[in-house]
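Engineer: this is the structure alone, sequence omitted:
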């Protein structure tokens, strides 16, 4: 390097240039500082003499890489460490923050890597306190930054350090230094309460949070998740945690600090609320700690005055919305002399605006408490309340003084959170989790202290349902990622805990659900008979019904989990189920049969399918029938369904309707087929299905004329599941005649394709017919789980129809849409699962099957290797290659072929297959083999077998 000025100019270009070529040139020129240990002294020279922060950053980052990737001499590392401490003490306050952060990271990396090499590395905590004792706030900040980075460094694995060594260092650091650092953070927080320099407060809070978030026992917590278990704080920390001032300092900081500091204070409280039970000296100390937590959370809700004005505005606006919104919007607009908006669009827009204002005002009332107006604070506070669910029993809570006030405030907070569904939707999960844990603990509650849950839980139940209706009423545009009715994970989060609240006071909750559902159902029934131009209102009705059906399904789901077998609960299950069954009768009748393309109708049908899945697990089957007499007795009175066979007929009828009427919705088709497969694969329900005429019709007439979704290419993946289910039903009856008659629709497709001349075999009609046939056959093959059933399929296919597969792979090699399903069928067909490919000792079928496999692999491999690469090389080539290797591996490992026969009789089937497989393997570059995991695994299996 000719001069320091040139280096500074290069660093400037490296970090600031907008030209990628210029940056790349600078990076290559400066790379020597980070890869060559001879440049370490020059890095020190740069730190001493450079004027620009980018040159300092280069020196620091280069040293960091050298320390991480090279084994430097002990004395050299000690010298670098001493130099960095002196450098930060003398020049630290004047450096740019990013340079300071990089130098501190380097210092902490040296400390971690040298922890067991020399005792002087362990003195960093003591040397950091020297920064804290200096007069300037800049040095104080550097000291806190060093401790922050040190805790983070010790808690995170490093690429250059084995995981076992990392845990040894982390455990030693935990035992020797972490507690001292936590005490320093608490002392700093106490000293900085009145300090206007919020940056120091932020660093001290961050240090406390890092200490409490340390991986104390090596559980490798997933940092992407908010959930964590009990915090395993060491016993040596007991005196500090039992000291009331420890908890109080974080409550104080929440009260005095602005966001985001207040959020970090709440995060510290969340972790303190999660400390292990055995940490405390005795139950009295733990109860004292719990009482302090409850008092602090109660104070957060009590602090600040409620906005009575906001409450009055909420009530007034709610009344106005009820009065104004139901009126025809077009009339109001026309009367005003505008007439510029259609009825439906304005209706939805006004509802959306009105309920958005309503939600905002509710959130104003909700967050008129200190700090909760910030959404992050609100979310962390909900998590804090949620930790009561995980770490404490109801019996402990009720015995704390002030429990009644606390539970009342939490109930009010929950109700307001539910009302503010737009603002608090992601946080309500923690509140519902708390209430569900409380109600499930009631049977184990001893003593005379009242839990007061009877008073509040029904209100929360009603508030949740009302909030779901309000979210529908707002008329949001369809957003598949935000709407819980379209997002399975989001819906599950919201409904996981709620059913326990319903079961707690089931009679009250059940009656409320029925009362709120019947007017909606009545309105929906009327819309089936009367044509209406307002589809938006009908969509709102369907969305409300979808929510109610999902809620009822969730209630039925926990029947077996909670052991709710009391007669009264079964009767209520029957009452709610009867209403859902009435919805089914309406949704596929009258004018509603024209709405299968509507998203709201699809949501309702998916909710009904979910209901059937949970109802089946609880109430369908011989054992369920005998233990659920009250439910079927009540269903018989209401709907005439006196046993599970009749109810199963209703379920199958809905499945058949969905498969006939839905052609565009993959979600509904997949959900329907999933339910159908569950029914067919169950031993008892499968036997019952065979008695139903609807199932007999499906098995005998599985053609596109009866089930139009089979004709849709977008639903082609669903065909495999459809035929997998049909295969289950066919093979459940031990009848070759039944099998052949059921396969007639597929036989007709075979005959059509086999009669197609080669000149027309590249037509689109042939393409889609071949894709569908291969997916169908794969489903049938998946259902063969025994030697008998596999033999039926093998004899049906071989030798009559196997040439079509070879013809298909030869003509369509360059079309992955055809070759992938064909090869996947063959991969399934040669898989010897459950020893289904066990032929008689005198049978040549195993050899004949392998010969067909060899022909197929050779035909595909020889052609695909000759084709040029495409842009998406994985889909075009690699996918077919790894499926071919899977086919060959399964055939070689299936133990149904004596491979010595091929060489004995001069048959090249084995050698040709191995030869082309090896060529396909070698055609894939090593980088691509490592980049595509699905390619790598079959390759390894093939080499292992070889």
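Structural biologist: Now that the structure is in, tell me what you want to look at. Here the structure is a predicted model, which is why all the values come from computation and not from measurement. Numbers count the residues shown, from 1 in each chain.

Engineer: for the stretch 451-600 of the chain, which segments count as helices?
Structural biologist: Secondary structure of the stretch 451-600 of the chain by DSSP state H, counting those that start in this stretch: the helices cover 453-473, 488-495, 498-504, 506-529, 535-557, 559-562, 567-587, 599-619.

Engineer: so which of those helices is nearest residue 40?
Structural biologist: Closest of the helices of the stretch 451-600 of the chain to residue 40 is helix 488-495, at 50.3 Å (criterion: C-beta to C-beta). No exception for glycine: its C-beta is placed from N, CA and C like everyone else's.

Engineer: in the closest one, which residues are buried?
Structural biologist: Of all the residues in helix 488-495, those buried under the rule 16 or more other C-beta atoms under 10 Å are 490, 491, 493, 494, 495.

Engineer: may I ask which helix or strand of this protein has the lowest mean pLDDT?
Structural biologist: Lowest by mean pLDDT, DSSP states H and E among the helices and strands of the chain is helix 329-336, with a mean of 33.

Engineer: residues near residue 496, how many?
Structural biologist: For residue 496, the neighbour count with other C-beta atoms under 10 Å is 16.

Engineer: same check on residue 191?
Structural biologist: Neighbour count for residue 191, taken as other C-beta under 10 Å: 13.

Engineer: ok, now the one 10 residues further on?
Structural biologist: Burial of residue 201 is recorded as 22 neighbouring residues (other C-beta under 10 Å).

Engineer: likewise the one 4 residues further on?
Structural biologist: Counted with other C-beta under 10 Å, the burial measure for residue 205 works out to 28 neighbours.

Engineer: which helix or strand contains it?
Structural biologist: In this assignment (DSSP states H and E), residue 205 forms part of helix 198-212.

Engineer: who are the packing partners of that helix?
Structural biologist: In terms of contacts (3 or more C-beta pairs under 8 Å, 6 or more residues apart in numbering; DSSP states H and E), helix 198-212 is packed against helix 137-155, helix 179-191, helix 244-256, helix 261-272.

Engineer: show the average pLDDT along that helix.
Structural biologist: On average, the pLDDT along helix 198-212 is 93.

Engineer: what does that helix rub up against?
Structural biologist: With C-beta atoms under 8 Å, 6 or more residues apart in numbering as the contact definition, helix 198-212 has outside contacts at 137, 140-141, 144-145, 147-148, 151-152, 155, 178, 181-182, 184-186, 188-189, 192, 195, 231, 233, 250, 253, 257-258, 261, 264-265, 267-268, 271-272.

Engineer: again, only this time at 7 Å
Structural biologist: For helix 198-212, the external contacting residues (C-beta atoms under 7 Å, 6 or more residues apart in numbering) are 137, 140-141, 144-145, 147-148, 151-152, 178, 181-182, 185-186, 188-189, 192, 195, 231, 253, 257, 261, 264-265, 267-268, 271-272.

Engineer: of those, grab the buried ones for PyMOL.
Structural biologist: Per 16+ other C-beta under 10 Å, the buried members of the contacts of helix 198-212 correspond to this PyMOL selection:
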select buried, resi 140+141+144+145+147+148+151+152+178+181+182+185+186+188+189+192+231+253+257+261+264+265+267+268+271+272
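
Engineer: need the nearest residue in space to residue 251, chain neighbours excluded.
Structural biologist: Computed as C-beta to C-beta, 6 or more residues apart in numbering, the closest residue to residue 251 that is not its neighbour in sequence is residue 296, at 4.3 Å.

Engineer: helix or strand: which one has that neighbour?
Structural biologist: Element membership for residue 296, per DSSP H and E: helix 283-302.

Engineer: what angle do that helix and helix 244-256 make?
Structural biologist: In terms of direction (axes from the mean of the first three to the mean of the last three C-alpha atoms, to 10 degrees), helix 283-302 departs from helix 244-256 by 10 degrees.

Engineer: re the thing from before, after the helix holding residue 205 comes which helix or strand?
Structural biologist: Following helix 198-212 in sequence order, the next helix or strand is helix 238-242 (DSSP H and E).

Engineer: could you check how far that following helix is from the centre of its chain?
Structural biologist: From the chain centre to the centre of helix 238-242 is a distance of 37 Å (C-alpha atoms, centre = their mean, to the nearest Å).

Engineer: which residues sit against that helix?
Structural biologist: With C-beta under 7 Å, 6+ apart, helix 238-242 has contacts from 183, 233, 246, 275, 279, 280, 281, 285, 289.

Engineer: among those, which one has the most neighbours?
Structural biologist: Counting neighbours by other C-beta under 10 Å, residue 233 leads the contacts of helix 238-242 with 23 neighbours.

Engineer: now that one: phi and psi?
Structural biologist: With angles defined as degrees, to the nearest 10, residue 233 sits at phi -70, psi 140.

Engineer: find the nearest non-adjacent residue to it, please.
Structural biologist: residue 275 (5.2 Å).

Engineer: got the contact list for that neighbour?
Structural biologist: Residue 275 neighbours (C-beta under 7 Å, 6+ apart): 231, 233, 241.

Engineer: would residue 734 count as being in a strand?
Structural biologist: No - read with DSSP: H, G, I helix; E, B strand; the rest coil, residue 734 is coil and lies in no strand.
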